[in-house]
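1. return a 3D structure for these sequence lines:
(chains A and B)
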Amino acid sequence: MKSKAAVIPKQGIARNKRETRKADTMRDSNHALIELRLYVAGQTPKSLTALANLKKICSEHLPGRYRLHVIDLMERPQLAQGDQILAIPTLVRNLPQPIRKIIGDLSDTERVLVGLDVWETRS
Amino acid sequence: MAARKRRTIENSRKLPSSEKETLRTLQPLEKARTGIGGFDEVTNGGLPKGRPTIVCGGPGCGKTMFAMEFLVRGATQFDEPGVLMTFEETSEEMARNVASLGFDLKDLVARGKLFLDYVRVEPSEIQEAGEYDLEGLFVRLQHAVESIGAKRVVLDTLEAIFSGFSNSGILRGEIRRLFRWLKDRGLTTVVTAERGEGSLTRYGLEEYVSDCVVFLDHRVNDQNSTRRMRIIKYRGSSHGTDEYPFLIDEKGFSVLPSSSMRLHHAVSTKRISSGVEDLDDMLEGKGFYRGTSVLVSGRAGSGKSSLAAHFANAACQNGEHCLYIAFEESAAQATRNMRSIGIDLAQHMEKGLLQFEAWRPTQSGLEMHLLRVHKLVEQYQPDVVVVDPISNLMMGTSQEIHSMLMRLLDFLKNKQITAFITNLTKGYEGREQTAVGISSLIDTWILLRDVELNSERNRCLYLLKSRGMAHSNQIREFVLTDRGVRLLPAYAGTGTVLTGSARLADARKKMDETTGQEDSGGNGRRGSSEGVGHEIEGGRNSQAGDRA
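-> As a prediction, this is how the structure comes out:
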């Protein structure tokens, strides 16, 4: 498990960078940038599902307004303390303040949106 | 390929723990010493090594203190670094809390002996959306353990995670996995848990930890609080099953083991002076046996404290260390008062031979007194201990008092310390009875009696018992002079033992009668030149011979 774990976040981060760049260009100045961090621990089914779900939600509901980092705690366990991570996967919304956390594989889109507090974008 | 590789990694990881398993079956259960005073005795060596232990109890019972001391002593005394994972208090708060016990957490962290991780569980900022597990907790724990090579782990109060997550099914599964995880890595773990209603812990954590469960209690009786500890379960090991009193003070946690069941203390044939020459004479001329317990009982003003002071004085003059525990007088007061009978306690205190400890008996519960005595004895390592008077501790039920005194005397005997205890008897209670029936615990019992006759009150002393020696059976008149206590020789008048002025009158009469016929049989000691003693010199011959 551990040996393969390293691959996923790299992909994730790489894709995020691309998305981030896109997000920067497409950013709507009326909306604050949403900074997200997804904490996973290796390439578990739950983590993979969470990442897939998150990408889908972001592209549907927050196009161009978000920046995503995927952090694999198997690689950098010391980062778990800072954001007070217990559950895996955990999605942390660092910005805008206050910090919000959503745990689980993010399969419940409504709850994710409630958790991220981004309803206004849909209206 | 990858799968095989993974398996080999797992195998190699598992190997040490399985080796340990086989070792364990061959040897008795390995234990990790906690370093907590008394606890290692009660458990015959400490907590089960490499296994989790639950420490449970109500709020304020000392769970965290126990856990912290286990961790800090492990890091400082047994070279076992530890991880502290707190769920309720931040690392800073924790460091501040235990600073009062003299534990410097920051220093330990800096030296790599300790790893602090505060896990904040904030339900309000967490939204659950789908399946999850608590791998984050494991990652943090693993990181902590690996970064300092920890052998010990404290999870204080793990149950806090129940407030943060709603899916108790997941939580329970993860907690089970956590304990398995800790065990596989051979980490000696203390998990604290709040007491629940009708169960040991609020969330039934004891279901997952089957190795050792320690219960701490804090109860209030008659406005005095006592802390007690009990080992509910200790798989694979014998342990004390009683409720043991414990104390948390500026030196940390200490448990008071109850009295040993067997009576096997070493005995000494050496003697120790009572400090009163005449009293030594009654005890075969040599005094008490060393390491025995001596009780002096009597009513108010019968001279108990004076005898105690003599004893302490004599011990100190022989260069021995004396711990004097007073419940009635302060050190200054006792020093002043004893000076009036010619005893200078201050010089011994200056030399450090006499340690005078005075405190109010109402200050705390029985166990606390007992523990305090224990700690003082451990601290000063005295040769003799004086408790004046023990009757001030008579609170609570007689059974409690009895067991406490038993523990105290037992403890002192085991240490070969001579105990000199005074007891205030009330009114005209039965003469062969102390307030709590401690006579069976006592080796030498001196009774001080008041005799009221002819409008005066005279003091008498006799030995009710003194195990293992041919002691005098006489009732002796007991006087306090400015040179200390003196026992006047028994004086028989016409058919009765006379004391006080009746004795003087009788002596005068006899002296008058015998004038002229010089008595040549007087072979007794020359008494002091003090008033009473002088006047009865003439009449002390034949009747005065002690049995001894």
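2. in contact with residue B:123, which residues?
-> Counting by CB atoms under 8 Å, 6 or more residues apart in numbering or on different chains, residue B:123 touches B:163, B:164, B:165. For every residue, glycine as well, the C-beta is placed using N, CA and C.
3. lowest average confidence, helix or strand, in chain A?
-> Taking mean pLDDT, DSSP states H and E as the measure, chain A has helix A:2-5 as its least confident helix or strand, at a mean of 41.
4. parallel or antiparallel, which strands does the helix or strand where residue B:213 lies pair with?
-> Using DSSP states H and E, residue B:213 sits in strand B:212-221. Looking at strand B:212-221 with DSSP bridges, its partner strands are strand B:52-57 (parallel), strand B:224-234 (antiparallel).
5. buried sites along it?
-> By neighbour count on 16 or more other CB atoms under 10 Å in any protein chain shown, the buried set for strand B:212-221 is B:212, B:213, B:214, B:215, B:216, B:217, B:218.
6. show the average pLDDT along it.
-> Averaging pLDDT along strand B:212-221 yields 86.
7. send me that strand as CSV with only the CA atoms.
-> Extracted in CSV, the C-alpha atoms of strand B:212-221 (Å, rounded to 0.1, in the frame of the first residue of the first chain):
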residue,chain,number,x,y,z
CYS,B,212,-5.4,-4.0,33.0
VAL,B,213,-8.0,-1.7,34.4
VAL,B,214,-7.3,0.8,37.2
PHE,B,215,-10.0,2.6,38.9
LEU,B,216,-9.5,5.9,40.7
ASP,B,217,-12.0,7.3,43.1
HIS,B,218,-12.4,10.5,45.0
ARG,B,219,-14.9,10.5,47.8
VAL,B,220,-15.8,12.8,50.6
ASN,B,221,-16.6,11.6,54.0
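8. next one: it to chain centre, how far?
-> Counting by CA atoms, centre = their mean, to the nearest Å, strand B:212-221 is centred 18 Å from the centre of its parent chain.
9. contacts for that strand?
-> With CB under 8 Å, 6+ apart, strand B:212-221 has contacts from B:47-48, B:51-58, B:60-63, B:66, B:195, B:200, B:206, B:225-235, B:243, B:246, B:365, B:396.
10. which of the contacts of residue B:123 fall within helices?
-> With DSSP state H as the criterion, helices contain B:163, B:164 from among these.
11. any chance of the contacts of residue B:123 in CSV, with distance to residue B:110 too?
-> As requested, the contacts of residue B:123 are exported to CSV (distance: CB to CB, whole Å):
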residue, distance to residue B:110
B:163, 32
B:164, 31
B:165, 34
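12. in TSV, list the buried residues of strand B:212-221 along with distance to residue B:132.
-> Output for the buried residues of strand B:212-221, formatted as TSV (distance: CB to CB, whole Å):
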residue	distance to residue B:132
B:212	31
B:213	30
B:214	32
B:215	33
B:216	33
B:217	37
B:218	37
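13. once you drop chain neighbours, what's closest to residue B:452?
-> residue B:458 (8.0 Å; CB to CB, 6 or more residues apart in numbering or on different chains).
14. quick one, what contacts that neighbour?
-> B:450, B:451, B:452, B:477, B:499, B:500.
15. how about it, phi and psi?
-> The phi/psi pair for residue B:458 (degrees, to the nearest 10) reads phi -110, psi 150.
16. quick one: it from residue A:94, how far?
-> To residue A:94, residue B:458 is 90 Å away according to CB to CB, to the nearest Å.
17. with residue B:111 instead?
-> Distance from residue B:111 to residue A:94, by CB to CB: 34 Å.
18. do the same with residue A:73
-> 16 Å.
19. look at the two and report which has more neighbours.
-> Shown here are residue A:73 and residue A:94; by other CB atoms under 10 Å in any protein chain shown, residue A:73 has more neighbours (25 against 15).
20. strands of chain A, start to end?
-> Residue ranges of the strands in chain A, as given by DSSP state E, are A:34-40, A:66-72, A:90-95, A:100-103.
21. single out the most deeply packed of those.
-> strand A:100-103 (a mean of 24; mean count of other CB atoms under 10 Å in any protein chain shown).
22. need the contact partners of it.
-> If you take CB under 8 Å, 6+ apart as the criterion, strand A:100-103 is touched by A:87, A:89-93, A:111-112, A:115-117, B:125-129, B:132, B:165.
23. over to stretch B:345-361?
-> B:309, B:312-313, B:315-317, B:319-327, B:329-331, B:334-335, B:338-339, B:369, B:372, B:376, B:380, B:382, B:392-393, B:395.
24. of the residues you listed, buried ones?
-> B:309, B:312-313, B:315-316, B:320-327, B:329, B:331, B:334-335, B:338, B:369, B:372, B:376, B:380, B:382, B:392-393.
25. in strands, which of the residues you listed fall?
-> B:322, B:323, B:324, B:325, B:326.
26. what about residue B:93, how many neighbours?
-> By other CB under 10 Å, the burial measure for residue B:93, its neighbour count, is 12.
27. and it, how far is that from residue B:499?
-> Counting by CB to CB - residue B:93 and residue B:499 are separated by 68 Å.
28. same check on residue B:461?
-> Residue B:461 is 11 Å from residue B:499, by CB to CB.
29. let's verify the residue in the stretch 201-350 of chain B positioned nearest to chain A: helix, strand, or coil?
-> For the stretch 201-350 of chain B and chain A, the shortest gap (CB to the nearest CB) falls at residue B:203, measuring 16.0 Å. On the three-state scheme (DSSP: H, G, I helix; E, B strand; the rest coil), residue B:203 is labelled coil.
30. next: residue B:108.
-> Residue B:108 ends up helix, using three-state DSSP.
31. isn't it right up against residue B:80?
-> No: using CB atoms under 8 Å, residue B:108 is not in contact with residue B:80; the gap is 12.0 Å.
32. could you check the angle strand A:90-95 makes with the strand or helix carrying residue B:142?
-> For residue B:142, the element it lies in under DSSP H and E is helix B:135-148. Following axes from the mean of the first three to the mean of the last three CA atoms, to 10 degrees, one obtains 90 degrees for the angle between helix B:135-148 and strand A:90-95.
33. circling back to that earlier point, quick check: pLDDT value at the residue nearest to residue B:452.
-> 83.
34. check residue B:179 too.
-> For residue B:179, pLDDT reads 92.
35. isn't it up against residue B:52?
-> Yes: using CB under 8 Å, residue B:179 makes contact with residue B:52 at a distance of 5.3 Å.
36. overlap in contacts, those two.
-> residue B:209.
37. next one: the closest residue to residue A:69 other than its chain neighbours relative to residue A:78, how far apart?
-> In this structure, residue A:69 finds its nearest non-sequential neighbour in residue A:37, 4.8 Å apart by CB to CB, 6+ apart. From residue A:37 across to residue A:78, the span is 14 Å (CB to CB).
38. and what of residue A:89?
-> Counting by CB to CB, the gap from residue A:89 to residue A:78 is 18 Å.
39. thinking again about what came up before, which residues sit against the helix holding residue B:142?
-> A:39, A:41, A:44, A:73-74, A:77-78, A:80-81, A:85-88, A:90, B:81, B:83, B:85, B:112-115, B:117, B:119, B:150, B:153, B:161, B:174, B:177-178, B:181, B:185, B:187.
40. model confidence for residue B:420, exactly?
-> 91.
41. isn't it right next to residue B:384, touching?
-> Yes: counting by CB under 8 Å, residue B:420 touches residue B:384, with 6.5 Å between them.
42. okay, and the common contacts of the two?
-> Residues touching both residue B:420 and residue B:384 (CB under 8 Å, 6+ apart): B:311, B:312.
43. looking at those two now, which is surrounded by more residues?
-> Neighbours per residue (other CB under 10 Å) separate residue B:420 from residue B:384, with residue B:420 holding more: 29 against 26.
44. quick one, phi psi at the more buried one?
-> The phi/psi pair for residue B:420 (degrees, to the nearest 10) is phi -120, psi 110.
45. for it, give me its contacts.
-> With contact set as CB under 8 Å, 6+ apart, residue B:420 has these partners: B:294, B:296, B:308, B:311, B:312, B:384, B:385, B:386, B:387.
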